Structure formats: C-alpha cells, structure tokens
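In: 3D, please:
(one chain, ligands or ions: 2)
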Amino acid sequence: MYEYAKKEYAAIGVDTERALDALKNIPVSVHCWQGDDVIGFDGSDSLSGGIQTTGNYPGRAVGFEQLKSDIAQAFALMPGKKRLNLHASYAVLNGDDKDRDEYAPEHFAPWTKFAKKIGLDGIDFNPTLYAHKMVKDGLTLSSPDERVRKFWIKHCIACIKISEYFAKEFGTRTLMNIWIPDGFKDIPADRLSPRLRLKDSLDQILSVKYDKSKVVIAVESKVFGIGLESYTVGSNEFYQNYAARNGVCCLLDNGHYHPTEYVSDKIPSLLAFYDTVALHVTRGVRWDSDHVVLFEDELKEIAKEIVRNDAIDKVIIGLDYFDASINRLSAWITGQRAMQKALLYALLTNHDELKKLQDAHDFTALMVKQEEYKTMPFGAVWDEYLKRENIEKDYLTVVRQCERK
Ligand code: RNT
Ligand code: ZN
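Out: Ligands and ions are numbered 1, 2, ... in the order given. Just a heads-up that it's a prediction; the model follows:
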C-alpha cells in the first residue's frame with residue numbers, strides 16, 4: 001500500500017519519504033491538563049476563570065503519580081516528537097508550604113526527571129492565574145487591588161525562572177504562555193483602566209532579564225469566557241499591539257475568536273511581522289468548548305499555513321483541549337494524532353504547483369487539484385508513519401485495557 005501511495009504522490013511531485021522525515025521532527029507540545037480536567041495539584045479543586053470541563057467520565061487522574069502514569073501511557077501511543085505543556089498549578093510541592101508566587105524550579109524537578117525518562121523534547125510552561133484565592137472578583141494582573149496585581153506579577157516572574165530552568169535542562173527553547181481570565185459578565189463602566197493596569201503588570205513582568213534564545217514569552221488573547229461575556233481585558237487587539245511593541249510572541253488559540261474568524265488566516269498575517277507565532281490548537285463547538293482536536297478542515301488549513309510558509313521552526317504548536325465526557329487517554333491520543341495527520345496532509349501537498357496556479361489566477365485548476373488531494377492514498381502514508389514510529393494504529397484496545405485496570 002505504501003509503495004503504491006509513494007508512486008501516486010510522486011506523480012504529483014510529492015516525495016513521501018521527505019514528508020515522513022519532516023513530520024517526525026516537528027515538535028507538538030501536549031498539554032498535561034487533559035488528564036485531570038484542568039484541576040491541578042495546588043489546592044482549589046474546582047475550575048474558574050470562565051473555562052469549563054464538562055462530563056463525568058470515570059478515571060480523572062488525581063495527583064502527580066496518577067497523572068504521570070496516564071501521561072506515560074498516553075504519550076507512548078502518540079507518534080512523533082513530543083513536548084509536555086505544563087501549568088504552574090501542577091507543581092509537586094511535597095508538603096512544602098509555598099504559594100504560587102514562590103514556586104521555584106525545585107517544585108518542577110520531578111516533572112523534568114519524568115519527561116527525560118519518557119524521552120520528551122522539552123517542557124513548555126504556563127503561569128496559572130485562575131482557580132486560586134488571589135483571583136479577586138475575577139481579576140488578576142488587571143485588578144484595581146495592587147496587592148492582587150503584585151501577587152500575580154510575582155507568580156509570572158517565578159514562572160520565567162522555572163521556564164529558564166526547563167530550557168536549560170532540555171537544551172531546547174521553552175514557551176511560557178501567559179493567559180489570564182480577567183473580564184466582566186456585564187457592561188463595564190471603564191474599559192480602558194483595566195487594560196492599562198494589565199499593560200503595566202506585563203511591563204513589570206518583562207522587566208526581568210531572561211534569555212530570549214531559551215525562553216519565548218507569549219500572550220494569549222480571548223474574546224469571552226463563561227460568566228465573562230461582556231468584556232475581556234486581554235483582547236486580541238490589546239495583546240497583538242502589546243506583543244509587537246514589546247518583542248514578545250502572540251499565542252493564537254483557535255477557540256478564542258468569533259466562529260467565522262479563522263486562525264489559519266491569522267497565522268500568515270502574523271508571520272508577516274513576527275519571527276515566532278504560538279498556537280493552542282483546540283476545537284470549539286459553538287463556543288470555546290475545547291472539544292478534542294479532530295482531523296478536519298480548519299485543522300488542515302492551520303497545518304498548511306505552517307508547512308507551505310516554511311514556518312515549521314517559527315510556529316510553536318501546542319494542544320489545548322479538555323473533554324471529560326470520554327476516556328481521557330483516548331481524548332489525548334486522538335487529538336495529538338489528528339494534529340500529526342494534518343501536518344502530514346500538508347507535507348504531502350505540492351504547494352509550489354498550487355501557488356503557481358493562484359498567481360496565474362487559474363482558480364479553475366486550483367479547485368480541481370485541491371479536490372484531487374482529498375482522495376489521494378493519504379491513509380497508506382499515515383500507516384507507514386505509525387509503523388516507522390513503532391506505534392500501533394489501534395489504541396482503543398490499550399485504552400480499554402487501562403480502563404479495566
Ligand atoms: C483558556 C485558555 C487557556 C487554558 C489553559 C488551561 O481559554 O485557552 O490557554 O485553556 O491555559
Ligand atoms: Zn488556550
């Protein structure tokens with residue numbers, strides 16, 4: 001089957017061997033939070049900040065040991081180069097009575113040890129500014145209460161140190177992504193002041209010296225959250241301008257825009273101005289519902305924008321979804337494999353030929369060729385990839401076994 005597929009693709013000017021080689025080297029940062037419904041280890045056992053996990057499927061990982069073993073199991077069934085995307089709320093405190101503003105590399109050393117043991121490429125990191133008593137009236141870095149802002153500024157600075165530590169340990173760049181939930185349910189009286197306070201807080205965080213070749217800091221915008229429908233402090237315009245002026249990176253979460261806006265179209269817009277663009281790949285169904293990522297059209301378009309713009313080294317791919325209504329290991333694996341499939345699909349496309357058709361304004365041929373791709377023997381190349389990665393195609397059987405255990 002693979003030999004046949006190889007010939008078919010060669011006939012349209014695509015080298016499947018090159019595609020397979022490229023795919024296995026594209027790192028995908030897999031989020032730890034699918035395993036435990038975004039709860040974390042450090043206290044608050046309910047989620048806040050306008051995000052929500054729905055479903056009551058049994059088997060939520062509780063504590064470091066369970067989450068570690070679930071990650072080891074799920075990651076073993078994922079092909080390709082993997083990184084672990086960690087939130088600060090997953091600190092391993094071992095009885096150390098420290099709050100988030102005092103977290104240090106030592107609280108994450110057990111994660112480093114584990115990630116090295118299972119052969120990961122590195123760890124990416126996220127300060128956690130939700131599900132905590134210092135979130136006052138739903139606000140963190142934009143709070144009118146200086147004490148609140150100070151606490152979260154300190155937390156973010158602590159996270160820069162921890163990110164630097166991860167980068168040093170693995171010898172790869174660590175992405176540190178800042179997302180805050182700050183917003184209002186109903187019509188505000190002042191939309192500017194919270195944004196000015198957020199700007200000042202970010203300035204204070206970024207005034208700390210850090211090695212930009214080791215740590216990439218990103219800011220993640222959003223349009224609304226549950227219970228925060230009317231106003232979001234960290235809006236798209238706010239963060240894009242902040243990032244452009246302050247030399248940080250924008251993180252695009254494809255659940256964070258209006259449903260008719262596409263992140264696939266935003267990636268090349270940002271690539272025109274930035275060296276680095278970060279992604280949270282998710283699937284919103286009617287809202288930012290964080291459904292499991294599937295191999296569908298918008299995901300394919302996102303992958304095409306990464307591949308055909310020679311942006312594999314510029315776009316940092318991370319996953320961000322959480323489904324508690326199905327087996328969590330299966331959710332993890334399905335989404336990660338979907339991302340890999342979309343990248344492979346993009347790598348198996350003769351972009352030069354299609355671009356030429358666009359430049360010649362031959363949209364008739366472009367449409368025909370794009371349709372032809374859809375029935376190419378893609379599955380045979382995917383199966384070959386799994387074989388070469390030593391990964392069984394079937395993961396449901398293993399997942400069911402784990403479930404029984
Ligand atoms: C929330 C953001 C944020 C979180 C994670 C847990 O809407 O997408 O990235 O999902 O940090
Ligand atoms: Zn996100």
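In: Could you measure from the residue nearest the centre of the chain over to residue 30?
Out: Here the mean C-alpha position of the chain is nearest to the C-alpha of residue 318 (C-alpha atoms, centre = their mean), at a distance of 2.5 Å. Between residue 318 and residue 30 the distance is 8 Å, computed by C-beta to C-beta, to the nearest Å. (C-beta placed from N, C-alpha, C; glycine too.)
In: overlap in contacts of these two?
Out: Taking C-beta atoms under 8 Å, 6 or more residues apart in numbering as the contact rule, the neighbours common to residue 318 and residue 30 are residue 85.
In: Residue numbers of the stretch 1-150 of the chain in contact with ligand 1?
Out: If contact is defined as C-beta under 6 Å from any ligand atom, the residues of the stretch 1-150 of the chain in contact with ligand 1 are 33, 38, 51, 126.
In: could you redo the last one with a cut-off of 8 Å?
Out: In this structure, the stretch 1-150 of the chain approaches ligand 1 at residues 31, 33, 38, 49-51, 87, 126, 128, 130, judged by C-beta under 8 Å from any ligand atom.
In: Low-confidence stretches in the stretch 251-400 of the chain?
Out: In the predicted model, the stretch 251-400 of the chain carries no residue with pLDDT under 70.
In: Which stretches in it count as strands?
Out: All strands of the stretch 251-400 of the chain, identified by DSSP state E, counting those that start in this stretch, fall at 277-281, 315-319.
In: Show me what the first one is in contact with.
Out: If I follow you right, that is strand 277-281. Counting contacts by C-beta under 8 Å, 6+ apart, the residues outside strand 277-281 that touch it are 175, 177, 216, 218, 220, 249-256, 263, 267, 270-271, 293, 299, 302, 311, 314-321, 335, 339.
In: Please repeat the previous calculation with a cut-off of 6 Å.
Out: Outside of strand 277-281, the residues within contact range by C-beta atoms under 6 Å, 6 or more residues apart in numbering are 175, 218, 249, 251-253, 267, 270, 293, 315-320, 339.
In: for the last one, same thing?
Out: Outside of strand 315-319, the residues within contact range by C-beta under 6 Å, 6+ apart are 28-31, 85, 175, 277-281, 306, 335.
In: picking up where we left off before, quickly list what the residue nearest to the centre of the chain is bridged to.
Out: Counting by DSSP bridges, residue 318 forms beta bridges with residue 29, residue 280.
In: how near is it to residue 270?
Out: Summarising the geometry, the distance separating residue 318 from residue 270, computed by C-beta to C-beta, is 15 Å.
In: what do you get for residue 212?
Out: Applying C-beta to C-beta, one obtains 18 Å for the distance of residue 212 from residue 270.
In: Residue 336 too?
Out: From residue 336 across to residue 270, the span is 24 Å (C-beta to C-beta).
In: Neighbour count for these two, which is higher?
Out: Set side by side, residue 336 and residue 270 show more neighbours around residue 336, with 25 against 21, by other C-beta atoms under 10 Å.
In: Under a three-state scheme, what state does the residue nearest to the more buried one when sequence neighbours are not counted occupy?
Out: With C-beta to C-beta, 6 or more residues apart in numbering as the measure, residue 78 is the residue that lies nearest to residue 336, at 4.5 Å, once sequence neighbours are left out. Reducing the assignment to helix, strand or coil with DSSP: H, G, I helix; E, B strand; the rest coil, the entry for residue 78 is coil.
In: what about residue 78, distance to residue 387?
Out: Distance, residue 78 to residue 387, using C-beta to C-beta: 15 Å.
In: now swap in residue 13 and tell me
Out: Taken as C-beta to C-beta, the span from residue 13 to residue 387 is 24 Å.
In: Kindly report the same for residue 57.
Out: For residue 57, the distance to residue 387 - C-beta to C-beta - is 31 Å.
In: quick revisit: ok, of the residues of the stretch 1-150 of the chain next to ligand 1, which one's closest to residue 192?
Out: Distance from residue 192 was checked for each of those by C-beta to C-beta. The minimum falls on residue 50, at 21.1 Å.
In: Skipping adjacent residues, who's closest to that closest one in space?
Out: Closest residue to residue 50 in three dimensions, ignoring its sequence neighbours and counting by C-beta to C-beta, 6+ apart: residue 225, at 2.1 Å.
In: The one you found: neighbour count?
Out: Other residues near residue 225 come to 22 when the count uses other C-beta under 10 Å.
In: Assumed residue 217 was part of a helix.
Out: No: inclusion of residue 217 in a helix is not indicated when three-state DSSP is applied; the result is strand.
In: which residues touch it?
Out: Residues in contact with residue 217 (C-beta under 6 Å, 6+ apart) are 176, 248.
In: repeat that with 7 Å
Out: 176, 178, 248-249 (C-beta atoms under 7 Å, 6 or more residues apart in numbering).
In: returning to that earlier point: look up how far residue 263 lies from the residue nearest to residue 50.
Out: Distance, residue 225 to residue 263, using C-beta to C-beta: 18 Å.
In: Residue 208 against residue 159, yeah?
Out: No: between residue 208 and residue 159 no contact is recorded; they are 10.4 Å apart, counting by C-beta atoms under 7 Å.
In: Would you mind measuring from the nearest residue to residue 63 once chain neighbours are set aside to ligand 1?
Out: Once its chain neighbours are removed from consideration, residue 63 has its nearest residue in residue 41; the separation is 6.6 Å (C-beta to C-beta, 6+ apart). Taken as C-beta to the nearest ligand atom, to the nearest Å, the spacing of residue 41 relative to ligand 1 amounts to 14 Å.
In: thought the residue nearest to residue 50 was touching residue 181?
Out: Yes: counting by C-beta under 7 Å, residue 181 is a contact partner of residue 225 at 6.0 Å.
In: what do these two both touch?
Out: Listed as contacting both residue 225 and residue 181 by C-beta under 7 Å, 6+ apart are 49-50.
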